[in-house]
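# Show me how the following folds:
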Amino acid sequence: MSNMDVVNKIYAAFAGGNIPAVLELFDPARAKEFIGKTTGVAGGHLTGTQMAASLTAALGQEVRYNSITPEQCRASGFPGAEDLGNMFQFKRDFEETYCGARNLDLARALNPSLQTFEAWLEQSKNRIPLD
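Model (predicted):
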């Protein structure tokens, strides 16, 4: 099951209030220890520059990271821009808290099929439009 499949199933189960179904998507031997707790899930903690380098390698064409401020993101006007800008601001202002809440070793222990960005790119690169 791909990362997106797992995430989509988690969101669907959570949105429906089906917490047992959410827990079933994690290691059953450990799921019960997380009832009533919050844990973040991440496959990696990459900078924009690192993601651009991985995209360049996977796609065979140069990708450059263009840093913008959270304020610029919020003002860009696309659907979700304000939420995305808020997320970027939180990550920028509280990076240690943001990354600390997303323990990579724990995430992989709970879901051993969790992919790195590079593994996801290898699997998904042909679906990224380049035109």
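# okay, which residue is most central for the chain?
By CA atoms, centre = their mean, the chain has its centre lying nearest to residue 42, at 5.2 Å.
# List phi and psi for it.
Dihedral angles of residue 42 (phi, psi; degrees, to the nearest 10) stand at phi -150, psi 150.
# how much space is there between it and residue 108?
Residue 42 sits 10 Å away from residue 108, going by CB to CB, to the nearest Å. All C-beta spots, glycine's among them, are computed from the backbone N, C-alpha and C.
# Residue 38: which element?
Taking DSSP states H and E as the definition, residue 38 sits outside all helices and strands.
# how about the nearest residue to it, chain neighbours excluded?
Using CB to CB, 6 or more residues apart in numbering and skipping the chain neighbours, the partner closest in space to residue 38 is residue 101 (7.8 Å).
# pLDDT below threshold where in this structure?
Residue ranges of the chain with pLDDT under 70: 1, 3, 27, 31.
# And the contacts of stretch 111-130?
Applying CB atoms under 8 Å, 6 or more residues apart in numbering, the external contacts of stretch 111-130 come out as 1-3, 6, 25-27, 41, 43-44, 46, 51, 54-55, 57-59, 61, 107-108.
# to the chain's geometric centre, what's the distance from that stretch?
Stretch 111-130 has its C-alpha centroid displaced from the chain centroid by 12 Å (CA atoms, centre = their mean, to the nearest Å).
# In it, which residues are buried?
Buried residues in stretch 111-130, counted by 16 or more other CB atoms under 10 Å: 111, 114-115, 117-118, 120-121.
# Same check on stretch 29-48?
Neighbour counts using 16+ other CB under 10 Å place 41-44 of stretch 29-48 among the buried residues.
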